[in-house]
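Peer 1: coords below, sequence missing:
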């Protein structure tokens with residue numbers, strides 16, 4: 001084997017380290033209580049599933065297959081929430097044409113099987129985190145199964161967006 005030339009360039013160039021500027025402040029971080037303490041208790045038939053990380057992730061299951069999930073995002077700045085529709089729609093009953101049409105319209109108006117709605121709760125702006133999380137899940141996510149809204153708001157104080165008139169009724 002031959003010796004490399006004394007002024008030979010190394011085989012790889014080290015990657016430069018990325019540094020934050022000296023004037024940059026510390027990164028934001030919010031101290032969020034464990035999620036299993038602030039997660040809402042949903043009425044039956046919803047039941048809470050066991051989790052490997054109950055302080056960061058919570059999931060609820062409905063007998064019809066619907067699922068609700070909560071997850072604390074990195075650095076505790078937000079709690080992501082979602083709801084997924086179950087695999088089956090209610091059957092169309094035998095009856096008159098009007099009853100079948102009403103049942104079909106109700107199925108069309110609801111969240112279709114496997115579809116998911118997401119929304120985020122900002123922890124920095126929340127004064128009562130447990131209350132806001134309960135309102136978000138009970139009053140915004142669960143009704144999204146049957147109403148299929150254009151927008152799922154984060155709290156009850158959400159104001160209609162300026163272009164809401166073009167989309168339909170405000171949530």
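Peer 2: Structure received. On a predicted model such as this, the values are computed, not experimentally measured, just so you know.

Peer 1: List the residue ranges of this structure that fall below the pLDDT cut-off.
Peer 2: Where the chain drops to pLDDT under 70, the residues are 1-2, 4-14, 22, 26, 148-171.

Peer 1: mind redoing it with 90?
Peer 2: Along the chain, the model assigns pLDDT under 90 to residues 1-34, 36, 51-55, 64-66, 73-77, 83-120, 122-128, 139-171.

Peer 1: Quick check: the gap between the nearest residue to residue 77 once chain neighbours are set aside and residue 58.
Peer 2: Leaving aside its sequence neighbours, residue 77 sits nearest to residue 30 (Cβ to Cβ, 6 or more residues apart in numbering; 5.6 Å). All C-beta atoms are positioned from the backbone trio N, CA, C, and that covers glycine. Going from residue 30 to residue 58 by Cβ to Cβ, to the nearest Å gives 18 Å.

Peer 1: For those two, indicate the residue with more neighbours.
Peer 2: In terms of neighbours (other Cβ atoms under 10 Å), residue 58 is the more surrounded of residue 30 and residue 58; the figures are 25 against 15.

Peer 1: you'd agree the more buried one is in a strand?
Peer 2: Yes: counting by DSSP: H, G, I helix; E, B strand; the rest coil, residue 58 is found in a strand.

Peer 1: so what's it up against?
Peer 2: Contacts for residue 58 (Cβ atoms under 8 Å, 6 or more residues apart in numbering) come out as 35, 36, 39, 48, 51, 69, 70, 71.

Peer 1: Same question for residue 89.
Peer 2: Residue 89 touches 107, 110, 112, 113, counting by Cβ under 8 Å, 6+ apart.

Peer 1: let's see 10 Å
Peer 2: 64, 103, 104, 106, 107, 108, 110, 111, 112, 113 (Cβ atoms under 10 Å, 6 or more residues apart in numbering).

Peer 1: hang on, the fourth one in a helix?
Peer 2: The one in question is residue 106. Yes: per three-state DSSP, residue 106 lies within a helix segment.

Peer 1: any chance you could map the strands in the protein?
Peer 2: 47-48, 57-61, 67-72, 78-84, 116-122 (DSSP state E).

Peer 1: Now render the ones you listed as JSON lines, adding distance to residue 21.
Peer 2: Shown next, in JSON lines, are those (distance: least, Cβ to Cβ, whole Å):
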{"stretch": "strand 47-48", "distance to residue 21": "45"}
{"stretch": "strand 57-61", "distance to residue 21": "35"}
{"stretch": "strand 67-72", "distance to residue 21": "29"}
{"stretch": "strand 78-84", "distance to residue 21": "25"}
{"stretch": "strand 116-122", "distance to residue 21": "26"}
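
Peer 1: any idea how far the nearest residue to residue 138 once chain neighbours are set aside lies from residue 72?
Peer 2: Sequence neighbours aside, residue 40 is the residue nearest to residue 138 in space, at 6.5 Å (criterion: Cβ to Cβ, 6+ apart). Distance from residue 40 to residue 72, counting by Cβ to Cβ: 15 Å.
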